[in-house]
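> make a model of this:
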Amino acid sequence: QVHLVESGGGLVQTGGSLRLSCLASGRISNVGVGWFRQAPGKEREAIAAITWSRGSTHYLDSVKGRFTISKDNAKNTVYLQMHSLEPEDTAVYFCAAGYTTTWDVLSQYRYWGQGTQVTVSS
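The predicted model follows:
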């Protein structure tokens, strides 16, 4: 069992930055942890992922160079640092964990956090 709690969302102006945190508890040593977002009226999409053991990272093309996923093993926390935010980044952001083979397949993530709202004003 893995429990995830996101934090760090909020309101930011275009061009601003936010850092989201995902605090994990439970058996996380061999999981992949991903960040996802869902905008109103749109499907949930995978935007970044990291493997807990090796730290391998993956990104959605549209966030490459702007977002960085990282982890702190000592704090059991995965971060999503977001820069150069745009109104199109407005969404509820979720972290999720699972024994994944393909990082952007949502169904492979078994455990989900409650989400945190990110709003980027123009």
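> can you pull the contacts of the residue lying farthest from the centre of the chain?
Note on the chain: the largest separation between a C-alpha and the mean C-alpha position, by C-alpha atoms, centre = their mean, falls on S122 (22.6 Å). When the contact criterion is C-beta atoms under 8 Å, 6 or more residues apart in numbering, the partners of S122 are 14, 87. The C-beta positions use only the backbone N, C-alpha and C, and glycine is treated the same way.
> that one and V78: what is the separation?
Separation of S122 from V78 (C-beta to C-beta, to the nearest Å): 29 Å.
> the most centrally placed residue in the chain: what's it in contact with?
The C-alpha lying nearest the average C-alpha coordinate of the chain belongs to W35 (C-alpha atoms, centre = their mean; 2.0 Å). By C-beta under 8 Å, 6+ apart, the residues touching W35 are 20, 22, 46-49, 67, 69, 78, 80, 93-95.
> switch the cut-off to 6 Å
The contact partners of W35, by C-beta atoms under 6 Å, 6 or more residues apart in numbering, come to 47-48, 80, 95.
> among the residues you listed, which ones are in strands?
Restricting the contacts of W35 to those inside strands, with DSSP state E as the criterion, leaves 47-48, 80, 95.
> just the pLDDT for G16.
Model confidence at G16, given as pLDDT, is 98.
> contacts only, for the closest residue to it other than its chain neighbours.
Once flanking residues are discounted, G16 sits nearest to L85: 5.3 Å by C-beta to C-beta, 6 or more residues apart in numbering. Contact analysis of L85 by C-beta under 6 Å, 6+ apart lists 12, 16, 120.
> which of those has the largest number of neighbours?
Within the contacts of L85, most neighbours by other C-beta atoms under 10 Å means V120, with 20 neighbours.
> you'd agree that residue is in a strand?
Yes. The assignment for V120 (DSSP: H, G, I helix; E, B strand; the rest coil) places it in a strand.
> next one: phi and psi at the residue lying closest to it once chain neighbours are set aside?
With C-beta to C-beta, 6+ apart as the criterion, V120 has its nearest non-adjacent residue at 4.6 Å, and that residue is L85. The phi and psi values for L85, taken as degrees, to the nearest 10, are phi -70, psi 150.
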